[in-house]
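J.: With the sequence up front, the predicted model follows.
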Amino acid sequence: MLLVNEVGERARPAQRPRPPAPPATAPAPPATAPARRPACGVRALLSLHSVAGRVLLVELAIVLLLVSAALTAMVLQARSSTVSDARRVTRGVAESFAHAPGLVQALDGPDPSAVLQPQAEAIRRATGVDSVVVITAGFVQLTSPHPSYVGRPYQAPPEVVRDVVPQLLAGHTVTFDLQEPKPRYRSIATAVPVFAADGTPKGAVAANITLGRVDSIIGAQLPVLLGGAAGAVVLAAVATALAGRRLLRQTRGLGPGELARMYEHHDAVLHAVREGVVIVGEGGRVMLANDEARRLLDLPADAEQRHPDDLGLDPATAALLSSADEVTDGIHRTGDRLLAVNKRPTAPFGGLPGSVVTLRDSTELHDLTRRVEAAGERRQLLYDAGMRIGGTLDMTRTCEELAHVALGGRFADTVAVDLTEAVTRGEEPATAGRRLRRTALVGAAGAPGEPAVDTAVTVGDHSPQALSLEGGHAVPYGGATHHRPAPAGPTASDGTPHSAIVAPLRVGGGTVLGLAEFRRAPGSDPFDADDLLLAEELAARAAVSIDNARRFTREHGTAAALQRSLLPRTVPEPTGLDVAHRYLPASAGVGGDWFDLIPLPGLRTALVVGDVVGHGINAAVAMGRLRTAIRTYASLDLPPDEVLGRLDELVAQTDEECGTFEITGSTCAYAVYDPVSGICTLARAGHLGPALVHPDGTVEYPDAALAPPLGVGGHPFETTELKLAEGSRLVLFTDGLVETRGNDLDHGLERLRAALGDDGLRSPEDTCDAVIDAMRSPHPADDVALLVARTGRLAPDQVAEWDVPADPAAVAPVRNACARRLAEWGLDELGFTTELILGELITNALRYGRSPVRVRLLRDTSLVCEVSDGSSTAPHLRWAATTDEGGRGIFLVARLAHRWGTRYTDEGKVIWCEQPIEAPE
């Protein structure tokens, strides 16, 4: 048995990128500068005369030895692993090909190379080996990566003939190292014998991988290993250099004699300075105290190595020394001394765990300290003023916040705030005048006759208040009130303040909104010049918030007046409905919610509830436009879906023309109730559906078709018909009723369901009161519109209907029947007029319309005559010429009826007219 000596091209593995070396961490700079700058250069660090240089060189040598040993071990390990992988791969490829079905048949075939050569090449390329060779028992090479070797005999090396061939003949698979002299190369090969079914040797299959490929794999990994080793050396060198540099700094680059002289000098300085220094160790014991510290604290001679509690100090001083808290420029009193204290831990600065305390006698700075504390209080007071004043847009609340801030900061004992009359009404402040109104008074009771809150205050001539109003600056005084000049000096018998400041509430441009008066009771420190400036600052900050509240009050009042003027002041009394309504504006601003009740022909009624996006005057104006538009569309007697469709087009067109305030996204619900049939037809544009209270008191939310909000466009509107039992209550509302901060929509709807539930006997007015009481929010963020309608039906004897045959002769009998029904209703005075109207309408329906033709009379507060047919052609009012034979019927109807019109239905049209019924005297 022979082995092949051909090798394929060696595949070069991809070069792995060298991993970046981790960044070296620089040591933290020393916290304190040494007395003399040490020699910390490279030359000093590498000097063998210093401890740092010697340590550095020894550590570098150790690192190099360790890295070299690790690199050698990794290379040997990589080579062993690669060779093992090569043996495994060649063995698997050779065995797989040798045991493949059809190999023996191919060897017995007429041209085995033609069959086996493509298979061998395919396996070689797929597995990555250098060659897959099939050799016959006669040493003929049947496959080879080089086609020129196919069919040629093979001369095996002596070691193969000696060691490998006998094992193959014995049926063993052999993996071995192969060395070929010509061409010269080394490889790892595996040979597998192939036997026929009767045990006859047929040949062998050999697969090999050259050692050149194995070495290339190791060589590809070697740069990575070398790079890692270099990085490790660099990191170790940097770390060692940093450690050596720190050691060099700690020794200061000095010799023993120099170090001794340095510490003697430091000890002399420590005891010579006129500032006490106490070093406390980790256990809380005093490690060192200089002469000044012993003098300031009266420490005993053996104070060192003792706990502060054992030194006879007062508890506060002992706690200061033994605690771990840091102190910066603290003021500490001990005995009759006032000490300025600083305390810092020693560990972060290179020392042992503990702290160092410095003490400086600052008794003479006591007054300065008090002034610093006062400045801190003033700063805190201004901070509180910025955080607490102006949290709402309510003028009274803002004035009270100013007073509470001044009292809470112990700036004053009583605070009074007076605003001009115009400001309290939300108007522009008057430029002149001394008529004010007390808006807030917080604190101790004032002098007898002190104006109460919400009362008028007149500023007297030459009073501090007058001077502050005219000059626009704060004025101090003692013992004065608004309504009388200040006396010569402060007294306590009449309740007047010991000291007071009047500060103007001034905004930009010098406009004064009012006055703020800060008073201190007897026994308090009087106001000084710094307090005067602070009072002006507090008043100025409050003035900005008061002016914002004034502007909001004016705008809110204007918007609320406009909103209420655009809402219906009175609602009609529709047939078959008992209606109640409520409108609640939002506390933060007027919104665009509205409701409406529109009478329609045929005793029907349209109920409308809508919500315009936004708040303020713009929302109120937009609401008025939508309400006017929907009334216009309703007057055309259009179906609810068509009314909302036209309203949707109007909103989209309005936003295109006026881009400053968009109302796209507004919602609306439009319902039409017919008291004859009891059917309510409803359409919604993004609005919440109604609630329905049945006569037995149960509540449900009917499933009504919903379309996108107004202005979105591109979606049709649909209608939903609800058959309402007599005595039902239909509740229409806006989202402000059920959506509040902190409660989602589902929670609000459940609360509304609970508020509506009753025994079914509650009136619409009572229902509105119950809903508002249950759903009202203390500070509503959105306005609320609520409409409750209890349904009724026309009695059967109030409705009369006739079918008219398609014959002109049928006009007279129907007209006579209508006259008889009018007589039964006691409406004889309308009989002649009604006969003329019905005669014209029925004749037109028979002549120009289509069957079926029906006549209906409805009696309520008015008499409604309706003639319907199957045609959609409507008559028009016109002037007939003298020679015209017709064209006067509709003109006659328009003159005789109070109102008339045309309503289109799914089956055709209805011509209607109304005649008022005079109430009996």
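T.: Looks like it arrived, so ask away.

J.: for the chain, which helix is longest?
T.: Using DSSP state H to assign secondary structure, the helix with the most residues in the chain is helix 51-98.

J.: what's the helix or strand just after that helix packed up against?
T.: Counting by DSSP states H and E, the element after helix 51-98 in chain order, helix or strand, is helix 103-108. Packing partners of helix 103-108 (3 or more Cβ pairs under 8 Å, 6 or more residues apart in numbering; DSSP states H and E): helix 112-127, strand 131-136, strand 185-195, strand 201-210. Heads up, the C-betas are built off the backbone N, CA and C, glycines and all.

J.: What separation do you get for Thr414 and Gly443?
T.: Distance, Thr414 to Gly443, using Cβ to Cβ, to the nearest Å: 3 Å.

J.: which neighbours do the two share?
T.: Here Thr414 and Gly443 share the contacting residues Arg519, scored by Cβ atoms under 8 Å, 6 or more residues apart in numbering.

J.: can you tell me the average pLDDT over the longest helix of the chain?
T.: Throughout helix 51-98, pLDDT has a mean value of 76.

J.: Give me the distance from it to the chain's centre.
T.: Relative to its parent chain, helix 51-98 has a centroid offset of 56 Å by Cα atoms, centre = their mean, to the nearest Å.

J.: between it and strand 185-195, how many degrees?
T.: Using axes from the mean of the first three to the mean of the last three Cα atoms, to 10 degrees, one finds that helix 51-98 and strand 185-195 are set 30 degrees apart in direction.

J.: Check which helices and strands helix 51-98 is in contact with.
T.: Against helix 51-98 (3+ Cβ pairs under 8 Å, 6+ apart) you get helix 42-45, helix 112-127, strand 131-136, strand 174-180, strand 185-195, strand 201-210, helix 211-251.

J.: again, 7 Å this time
T.: Helices and strands touching helix 51-98, by 3 or more Cβ pairs under 7 Å, 6 or more residues apart in numbering; DSSP states H and E, are helix 42-45, helix 112-127, strand 174-180, strand 185-195, strand 201-210, helix 211-251.

J.: Of these, give the one that comes closest to Val910.
T.: Closest to Val910 of the helices and strands packed on helix 51-98, according to Cβ to Cβ: helix 112-127, at 87.5 Å.

J.: And the residue of the chain most remote from its centre, how close does it get to Phe891?
T.: Distance from the C-alpha centroid of the chain peaks at Gly138, with 84.9 Å (Cα atoms, centre = their mean). For Gly138, the distance to Phe891 equals 127 Å [Cβ to Cβ].

J.: separation between the closest residue to Ser728 other than its chain neighbours and Val676?
T.: Computed as Cβ to Cβ, 6 or more residues apart in numbering, the closest residue to Ser728 that is not its neighbour in sequence is Thr791, at 4.9 Å. Thr791 sits 12 Å away from Val676, going by Cβ to Cβ.

J.: between the two, what contacts are shared?
T.: Common neighbours of Thr791 and Val676, counting by Cβ atoms under 7 Å, 6 or more residues apart in numbering, are absent.

J.: rewinding a little: quick one: the helices and strands packed on helix 103-108 as CSV, columns for distance to Asp593 too.
T.: Shown next, in CSV, are the helices and strands packed on helix 103-108 (distance: least, Cβ to Cβ, whole Å):
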stretch, distance to Asp593
helix 112-127, 77
strand 131-136, 87
strand 185-195, 89
strand 201-210, 86
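
J.: Parallel or antiparallel, list what pairs with the helix or strand hosting Leu339.
T.: Assigned by DSSP H and E, Leu339 falls within strand 337-345. Sheet partners assigned to strand 337-345 using DSSP bridges are listed as strand 327-334 (antiparallel), strand 354-361 (antiparallel).

J.: which one of the ones you listed lies closest to Glu907?
T.: Proximity to Glu907, assessed across those by Cβ to Cβ, is greatest for strand 327-334 (92.7 Å).

J.: Show me which positions of the closest one end up buried.
T.: 327, 331-332, 334 (16 or more other Cβ atoms under 10 Å).

J.: how about those residues, which pair is most distant?
T.: Spatial extent of these (Cβ to Cβ) is set by the pair Val327 and Thr334 at 13.8 Å.

J.: which SS state does the residue farthest from the centre of the chain fall under?
T.: Classification of Gly138 by DSSP: H, G, I helix; E, B strand; the rest coil places it in coil.

J.: Extract the CA atoms of stretch 85-95 and return them as CSV.
T.: The C-alpha trace of stretch 85-95 is given here as CSV (Å, rounded to 0.1, in the frame of the first residue of the first chain):
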residue,chain,number,x,y,z
ASP,A,85,-6.8,19.1,15.0
ALA,A,86,-5.0,18.2,11.8
ARG,A,87,-4.8,14.5,12.8
ARG,A,88,-8.5,14.5,13.7
VAL,A,89,-9.5,16.2,10.4
THR,A,90,-7.4,13.9,8.1
ARG,A,91,-8.7,10.8,9.9
GLY,A,92,-12.3,11.9,9.6
VAL,A,93,-12.0,12.7,5.9
ALA,A,94,-10.1,9.5,5.0
GLU,A,95,-12.5,7.2,6.9
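
J.: Distance from the chain centre to stretch 544-558, please.
T.: 29 Å.

J.: which outside residues touch that stretch?
T.: So stretch 544-558 is contacted by 389-390, 393-395, 398-399, 423, 426-427, 505, 507, 513, 589-590, 616-617 (Cβ under 7 Å, 6+ apart).

J.: Sounds good, over and out.
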